[in-house]
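Q: my questions are about this predicted structure, shown below with the sequence.
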Amino acid sequence: MKQIQRQIEKNRAGSVTLKAENDEDMWHVYNLINGGDQLRTASIRKIVTETNSATGAKDSRRIKLNLKIEGKKVLYSGAELPSAESAANDLITPTQSSSNSSNVASLHLSGQICQKNKHVKLGAFHTLDLQPDQEFTIIKGPDAWDLIHMERLSDSLDASKYYPIGQKSTWPNLRSMGRSFYISLNRSKKQC
């Protein structure tokens, strides 16, 4: 995980801007966010505008917005785990795609918009979808950045917490294990 910015006050209120890099980072983010925390990130929202008030005609379009919501519910969608059979056969075969988009962990944070935006009303409900390589800011109130959250944040930022665990001789796949996940760091379809 990469930390872009950190502003935490003495009263343990403040914000941290992060960029998750893999599935384990997404798991750490899931554990950093509590109900009532605010999250700011880019999101796409369908905007409906009335084009003709006499006929009631409406126009809709999707716009990329920078939204800030107060989280009510957080859902973690983990990466699809390989079956035991594919794990025994090195996880990747020459016919499999190593960049399967459904095989990426994501977070869905639902809540009310808490910052004015010219396209969306204050208090409207929205769900922010977070995925790896997306910048976001977690904002917490007083006493919310407690010791547990600070320790988890520190662990998620420390790349040395990943331990290499092996490599199969026929495939150049470097694997590592973090505190919560087993991940493949380098996937290649070429045989050595």
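A: That came in fine, so what should we check first?
Q: let me see the domain layout of the protein.
A: Taking automatic domain parsing as the reference, the chain has its domains at 2-49+61-82+101-161, 162-192.
Q: could you tell me the least trusted of these?
A: Mean pLDDT is lowest for domain 162-192 among those, at a mean of 48.
Q: give the contact list for Thr49.
A: Neighbouring residues of Thr49 by CB atoms under 8 Å, 6 or more residues apart in numbering: Lys58, Asp59, Ser60. Every residue, glycine included, has its C-beta placed from N, CA and C.
Q: any chance of the residues you listed in JSON lines, with neighbour count, distance to Asn103 and pLDDT too?
A: Shown next, in JSON lines, are the contacts of Thr49 (neighbours: other CB atoms under 10 Å; distance: CB to CB, whole Å; pLDDT from 0 to 100):
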{"residue": "Lys58", "neighbour count": "10", "distance to Asn103": "38", "pLDDT": "86"}
{"residue": "Asp59", "neighbour count": "10", "distance to Asn103": "37", "pLDDT": "87"}
{"residue": "Ser60", "neighbour count": "8", "distance to Asn103": "32", "pLDDT": "89"}
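Q: out of those, which one sits closest to Val104?
A: When these are compared for distance to Val104 (CB to CB), Ser60 wins out at 28.2 Å.
Q: wait, Glu137 sits on Thr17?
A: One correction, residue 137 is Thr, not Glu. Yes - contact status for Thr137 versus Thr17: in contact at 4.5 Å, counting by CB atoms under 8 Å.
Q: got any residues that touch both of the two?
A: Gln5.
Q: pick the most deeply packed of the domains of the chain.
A: Mean neighbour count (mean count of other CB atoms under 10 Å) peaks for domain 2-49+61-82+101-161 among the domains of the chain, with a mean of 15.
Q: show me what Gly71 is bridged to.
A: As for beta bridges, Gly71 partners with Gly111 under DSSP bridges.
Q: how about it, what does it touch?
A: Ile33, Asn34, Gly35, Gly36, Asp37, Gln38, Leu39, Leu109, Ser110, Gly111.
Q: the last one touches His126, doesn't it?
A: Yes - the pair Gly111 and His126 qualifies as a contact (CB under 8 Å) at a distance of 7.3 Å.
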